[in-house]
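Asker: Provided below for reference: sequence and predicted model.
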Amino acid sequence: MRTATLRVLSLAFALGAAASAAGGALADTVTLCGVEGPVTRALADLSRLFETETEHIVQFELASPTDFEAAMLERLSERGRGCDLILGRAEWLGEAVRRNAYVELGELIADGIVDPDEFLPAVTFAHSVWPKDGQRYFALPASGDALGWAYRKDWFQRTELRDAFRAQFRRDLAPPERWSDIRDIAAFFTGREIDGARVSGVALAAAPDPGDPAGGGVAPGALSALYAWGFAHDNPAGSYIVDGVVNTPNAATALAAFRDLLDCCAVPNARYARAAGASRAFRNGQAALELNWFSSFAELVRSPDEAKKFGFFANPGQLRHGSVLGGYGLAVTQAAASPDAALAYLAWFALPEVQRVWAELGGMSAHQAAFEDPAYDRSTPYAAAFLQAIATGRASWQDPAFAELRAALERRLRAYVVDGTGTAQEALDLVAADWTRILENLGRL
């Protein structure tokens with residue numbers, strides 16, 4: 001932290017210039033609204049550097065994870081009242097623009113003060129661009145996250161297990177190259193006795209969870225499989241054409257593969273587990289693989305001795321690569337009490353050197369400068385896998401109707417994956433019908 005602080009403070013001239021360009025001439029108080037958790041704790045540390053440089057004061061208004069969405073949507077309905085900056089989810093973007101809650105960044109971009117192209121394109125597209133068939137920017141990617149995989153590297157290195165796996169599958173026991181390989185690995189470990197205990201193949205979550213970055217439930221895990229088989233929410237992006245897009249034969253194959261993985265190889269009660277429960281099961285040695293958010297993997301590597309047990313990989317492709325994207329975007333609100341200071345903060349936050357420090361603090365930066373830092377790959381054991389995941393990240397609906405669209409997806413997937421109702425094709429046909437009805441009622445089609 002001290003090294004990071006000194007590095008940023010050495011850029012006094014650059015930071016002052018960025019703040020002045022955004023209009024931050026006088027000291028003011030900036031209120032940043034977000035969610036309680038490691039990201040905002042790291043952002044509070046980073047913000048102390050902004051205060052030192054600009055003399056502005058940054059205060060945080062934080063909601064609990066379970067109340068976050070409801071609290072922020074209420075703020076958005078009042079153009080961001082009470083917040084100068086909002087650390088928001090990608091799926092709220094369309095609603096924020098509809099409510100005229102976020103300041104468009106066109107002038108800052110035209111003046112060269114911020115450059116969205118300096119962030120990974122997939123993350124910028126998810127967190128910044130609305131509508132999806134345009135080039136208007138309303139936020140900057142603040143903290144990337146994605147669903148990814150952890151595995152018991154120490155088990156994968158055991159000679160007897162490697163020999164047994166090779167005898168059964170005629171290939172090495174190693175992180176999977178394709179999504180379908182996950183099933184082989186999980187099946188191999190399921191029911192096997194390791195260190196005196198019978199283990200499962202995979203720990204994952206399938207229960208609704210208001211505190212989850214994507215709402216929890218079956219959908220995030222299922223989308224990890226669906227994206228690997230080329231699933232799209234609409235095609236082309238922004239067209240709202242869903243029938244024949246979400247319910248292709250490839251999508252049905254993917255959804256069936258996800259249910260098969262859950263049926264054959266998941267830890268007991270995975271259908272009713274939340275992300276925190278899946279994480280506990282994996283840490284406690286109950287499974288060989290875990291599907292969870294990269295942000296949760298920090299708990300696995302806090303101790304150097306414990307970190308040696310685990311390896312990490314991005315969601316593998318089957319027909320194409322794609323990972324479920326989480327994280328947050330940072331936007332200035334239309335109702336900001338200190339708009340100049342808020343714009344100054346956004347300009348400062350986007351500086352490459354600040355983004356490098358943000359990555360050091362655990363902020364999960366999506367800025368190219370953070371990944372180009374020679375020290376990046378050594379920053380965490382999962383750094384390289386995280387970069388692969390967010391580079392191909394996909395976000396769900398960001399339309400103002402996101403909540404209704406999300407609920408329909410969860411309802412139909414849960415009926416098939418958890419309750420065993422119907423076929424994968426029938427479930428996706430129902431998703432397409434539900435989404436078409438919702439979008440037609442809203443005049444999108």
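Answerer: Cool, the structure landed. Given the structure is predicted, the values throughout are model-derived calculations rather than measurements.
Asker: got the buried residues for the host helix or strand of Val97?
Answerer: Here Val97 is covered by helix 93-98, with elements defined by DSSP states H and E. Neighbour-count burial for helix 93-98 flags 93-97 (criterion: 16 or more other Cβ atoms under 10 Å). Where you see a C-beta, it was placed from the backbone N, CA and C, and this is true even at glycine.
Asker: For Pro141, state which of these is nearest.
Answerer: Distance to Pro141 across the buried residues of helix 93-98 (Cβ to Cβ) is lowest for Leu93, with 11.5 Å.
Asker: Quick check: the closest one touching Phe138?
Answerer: Yes: in this structure, Leu93 is within contact of Phe138 by Cβ atoms under 8 Å, at 6.5 Å.
Asker: and for the two, which residues touch both?
Answerer: Common contacts of Leu93 and Phe138 (Cβ atoms under 8 Å, 6 or more residues apart in numbering): 102, 128, 130.
Asker: ok so, going back, which strands and helices sit next to the helix holding Val97?
Answerer: Judged by 3 or more Cβ pairs under 8 Å, 6 or more residues apart in numbering; DSSP states H and E, the packing partners of helix 93-98 are helix 68-77.
Asker: Show me what the helix it packs on is packed against.
Answerer: strand 29-35, strand 85-88, helix 93-98.
Asker: Which residue ranges of the protein form strands?
Answerer: 29-35, 57-63, 85-88, 140-152, 193-194, 197-198, 200-203, 287-293, 310-314, 323-332, 393-394 (DSSP state E).
Asker: Contact partners for Leu442?
Answerer: Applying Cβ under 8 Å, 6+ apart, one finds that Leu442 lies in contact with 399-401.
Asker: same question, His367
Answerer: Taking Cβ under 8 Å, 6+ apart, one finds 118-120, 141, 350, 352, 355-356, 358-359 in contact with His367.
Asker: Equivalent analysis for Leu85, please.
Answerer: By Cβ under 8 Å, 6+ apart, Leu85 lies in contact with 30-33, 330-333, 336, 342, 345-346.
Asker: Which single one of the buried residues of helix 93-98 is nearest to Leu405?
Answerer: Gly94 (10.7 Å).
Asker: distance of the residue nearest to the spatial centre of the chain from Val35?
Answerer: The chain has Gly326 as the residue nearest its centroid, 1.7 Å off, counting by Cα atoms, centre = their mean. To Val35, Gly326 is 12 Å away according to Cβ to Cβ, to the nearest Å.
Asker: And for Pro304?
Answerer: Pro304 is 29 Å from Val35, by Cβ to Cβ.
Asker: Which one's more surrounded, those two?
Answerer: A count of neighbours by other Cβ atoms under 10 Å puts Val35 above the other of Pro304 and Val35, at 22 against 8.
Asker: wait, which of the helices and strands packed on helix 68-77 is closest to Asn235?
Answerer: For the helices and strands packed on helix 68-77, the distance to Asn235 is smallest for helix 93-98, at 17.8 Å, taking Cβ to Cβ.
Asker: what's the spacing between the closest one and its chain's center?
Answerer: Relative to its chain's centre, helix 93-98 lies at 19 Å (Cα atoms, centre = their mean, to the nearest Å).
Asker: can you list contacts of it?
Answerer: 73, 76, 86, 88, 102, 127-128, 130-131, 138-139, 329, 331, 398-400, 402.
Asker: what's the average pLDDT for it?
Answerer: The pLDDT scores in helix 93-98 average 96.
Asker: What of stretch 201-212?
Answerer: 84.
Asker: got the CA positions of that stretch in CSV?
Answerer: Taking Å, rounded to 0.1, in the frame of the first residue of the first chain, the C-alpha atoms of stretch 201-212 are listed here in CSV:
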residue,chain,number,x,y,z
GLY,A,201,-16.7,-33.3,-8.5
VAL,A,202,-17.9,-29.7,-8.4
ALA,A,203,-19.2,-27.0,-6.0
LEU,A,204,-21.5,-24.5,-7.4
ALA,A,205,-24.6,-22.4,-6.5
ALA,A,206,-28.1,-22.7,-7.8
ALA,A,207,-30.2,-20.9,-5.2
PRO,A,208,-31.5,-17.3,-5.6
ASP,A,209,-29.3,-14.9,-3.7
PRO,A,210,-30.0,-11.1,-3.6
GLY,A,211,-26.4,-10.5,-2.5
ASP,A,212,-24.9,-12.3,-5.6
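Asker: Sounds good, over and out.
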